[in-house]
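Asker: the amino acid sequence is not available; the structure is as follows:
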Ligand code: CAA
């Protein structure tokens with residue numbers, strides 16, 4: 001076993017840390033305050049090869065491994081979790097299923113511009129009535145010659161307002177439940193597609209989430225991703241990769257909590273000395289640091305298994321579950337160490353707290369992660 005990063009992974013860490021600290025972090029408070037989509041940062045991330053990191057060079061990506069992706073996600077999330085999720089959706093929820101399930105033509109036409117960051121993608125699985133129960137899709141796709149006619153509503157779709165393409169899940173045979181789900185590549189400019197207003201959210205405000213309303217949308221047969229009825233497997237396998245990205249995001253938020261709390265504790269004077277001298281504070285810092293390391297190791301293990309081509313559903317869920325809960329616990333401690341200053345907007349502690357919460361919800365709630373882990377334990 002080797003805990004050392006390769007030279008390439010170290011280079012990605014240095015490059016993304018530098019970018020995150022110098023260009024993303026200075027904008028984080030403003031993005032949180034205004035909810036502005038950080039177009040300039042997304043453009044820069046594209047230039048740095050961060051929008052389709054694991055996509056091979058022949059399809060426009062840098063062909064890196066998933067550990068590098070986890071490293072980059074941690075660094076960007078440490079600076080701005082909202083900006084990071086724009087990147088994670090494009091990488092693991094859009095490029096990943098195109099790479100894994102797309103045919104040659106689809107890869108050339110859609111994956112290449114997405115991996116280069118010329119186009120942006122979103123992932124249309126969630127519906128008003130299909131959140132944790134992802135198999136109960138109500139959006140229908142009915143074959144009509146060379147097209148499918150699609151009707152339905154997706155909601156809470158990250159990147160929907162800015163996306164060019166959507167990996168869309170539909171029901172083609174509702175009698176078959178999950179075996180009747182089919183995935184498509186939807187051009188968001190198609191007639192009959194309406195994107196709702198971005199939701200007003202608690203945190204990760206730089207990323208926009210909105211509903212997508214589909215009214216008699218004609219999707220060409222050649223845009224079907226995989227065979228009819230394969231959609232649920234496409235969604236689940238995609239989420240196995242996506243959850244590594246969210247686990248890394250949670251590690252990044254937790255690290256922001258630790259680094260900000262540490263700096264504050266060294267500087268804040270009470271009872272004639274820095275509060276970092278008090279054991280009550282030291283224990284909180286020690287617990288945060290220990291849990292963050294454990295969360296990162298779980299995340300990198302899941303990424304390692306993915307890179308080796310070994311099924312990693314359980315390990316991705318373990319990483320996301322643990323890292324998300326570590327992010328929340330770290331955010332609570334960060335506020336506590338800041339005292340009253342942690343509760344006001346002048347300091348980033350309250351932003352970390354609001355940003356951390358989503359990691360326990362999207363790409364499968366913590367309860368769903370426990371279900372995936374338990375199912376794997378009972379199956380093996
Ligand atoms: N890979 C491949 N196949 C898989 C799989 C995986 N990881 N997980 C399950 N499957 C297959 C099973 O083998 C089974 O196949 P067969 O019928 O051929 O045996 C089939 O899928 C059904 O499996 P289950 O019986 O386990 O399915 P279920 O209906 O009980 O649901 C679930 C399982 C884990 C609860 C799933 O519905 C789930 O993950 N729910 C959460 C949904 C979610 O994460 N949504 C996130 C939305 S995207 C998002 O949040 C993005 C964002 O904003 C950033």
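Answerer: Alright, I've got the coordinates. Quantities reported herein were computed from a predicted structural model and do not represent experimental measurements.
Asker: relative to residue 185, how far out is the nearest residue to residue 101 once chain neighbours are set aside?
Answerer: Counting by C-beta to C-beta, 6 or more residues apart in numbering, residue 226 is the residue found nearest to residue 101 once chain neighbours are left out, at 4.5 Å. The way it works is simple: take the backbone N, C-alpha and C, and place the C-beta from them, glycine included. For residue 226, the distance to residue 185 (C-beta to C-beta, to the nearest Å) stands at 11 Å.
Asker: so which of the two has more stuff around it?
Answerer: More neighbours surround residue 185 than the other of residue 226 and residue 185, with 24 against 17 (other C-beta atoms under 10 Å).
Asker: run through the residues of this structure sitting next to the ligand.
Answerer: Proximity of the chain to the ligand (C-beta under 6 Å from any ligand atom) is limited to residues 85, 89, 93, 123, 125-126, 132, 134-135, 158, 178, 232-233, 236-237, 239-240, 313, 362-364, 368, 371-372.
Asker: cutoff 8 Å now
Answerer: With C-beta under 8 Å from any ligand atom as the criterion, the chain meets the ligand at residues 85, 88-89, 93, 123, 125-126, 131-135, 156-158, 177-179, 209, 232-233, 235-237, 239-240, 242-243, 246, 311, 313, 361-365, 368, 371-372, 375.
Asker: can you say which of the residues you listed are buried?
Answerer: Buried members of those, counted by 16 or more other C-beta atoms under 10 Å: 85, 88-89, 93, 123, 125-126, 131, 134-135, 156-158, 178, 209, 232-233, 235-237, 239-240, 242-243, 246, 313, 361-365, 368, 372.
Asker: where do the strands sit along the stretch 1-150 of the chain?
Answerer: 121-124, 140-144, 147-158 (DSSP state E, counting those that start in this stretch).
Asker: give me whichever of those is most buried.
Answerer: Of the strands of the stretch 1-150 of the chain, the one with the most neighbours on average (mean count of other C-beta atoms under 10 Å) is strand 121-124, at a mean of 28.
Asker: please compute how far that strand lies from its chain's middle.
Answerer: Taking C-alpha atoms, centre = their mean, to the nearest Å, the mean C-alpha location of strand 121-124 is offset from the chain mean by 11 Å.
Asker: same check on stretch 227-235?
Answerer: Distance of stretch 227-235 from the chain centroid (C-alpha atoms, centre = their mean) equals 21 Å.
Asker: and whichever residue of the stretch 201-350 of the chain sits closest to the ligand, what are its phi and psi?
Answerer: Relative to the ligand, the nearest point of the stretch 201-350 of the chain is residue 236 (3.3 Å; C-beta to the nearest ligand atom). Main-chain dihedrals, residue 236, degrees, to the nearest 10: phi -70, psi -40.
Asker: quick one: contacts for it?
Answerer: For residue 236, the contact set (C-beta atoms under 8 Å, 6 or more residues apart in numbering) comprises residue 313.
Asker: same deal with residue 336?
Answerer: Each residue near residue 336 by C-beta under 8 Å, 6+ apart is listed here: 284, 342.
Asker: the closest residue to residue 70 other than its chain neighbours: how many residues sit nearby?
Answerer: Nearest residue to residue 70, sequence neighbours excluded (C-beta to C-beta, 6+ apart): residue 248, at 4.1 Å. Residues lying near residue 248 (other C-beta under 10 Å) number 33.
Asker: these two touch, right, residue 248 and residue 76?
Answerer: No - here residue 248 does not reach residue 76: they are 9.2 Å apart, not a contact under C-beta atoms under 8 Å.
Asker: if we can go back for a sec, from the buried ones among the residues of the chain next to the ligand, which land in helices?
Answerer: Taking DSSP state H as the definition of helices, these contribute 85, 88, 232-233, 235-237, 239-240, 242-243, 246, 313, 368, 372.
Asker: just to revisit the earlier point, mind giving me TSV with the strands of the stretch 1-150 of the chain and columns for mean pLDDT?
Answerer: Below are the strands of the stretch 1-150 of the chain laid out as TSV (pLDDT from 0 to 100):
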stretch	mean pLDDT
strand 121-124	98
strand 140-144	98
strand 147-158	98
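Asker: okay, those strands in TSV with distance to residue 284 next?
Answerer: Shown next, in TSV, are those (distance: least, C-beta to C-beta, whole Å):
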stretch	distance to residue 284
strand 121-124	36
strand 140-144	51
strand 147-158	32
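Asker: which one of the ones you listed lies nearest to residue 108?
Answerer: strand 121-124 (15.5 Å; C-beta to C-beta).
Asker: mind listing what the closest one pairs with, with the direction of each?
Answerer: Strand 121-124 has the following strand partners under DSSP bridges: strand 165-171 (parallel).
Asker: point out the other helices and strands that the next helix-or-strand element following the partner strand packs with.
Answerer: Per DSSP states H and E, the first helix or strand lying C-terminal to strand 165-171 is strand 181-187. The contact analysis (3 or more C-beta pairs under 8 Å, 6 or more residues apart in numbering; DSSP states H and E) places strand 181-187 against helix 96-101, strand 147-158, strand 165-171, strand 209-220, strand 224-225, helix 231-267.
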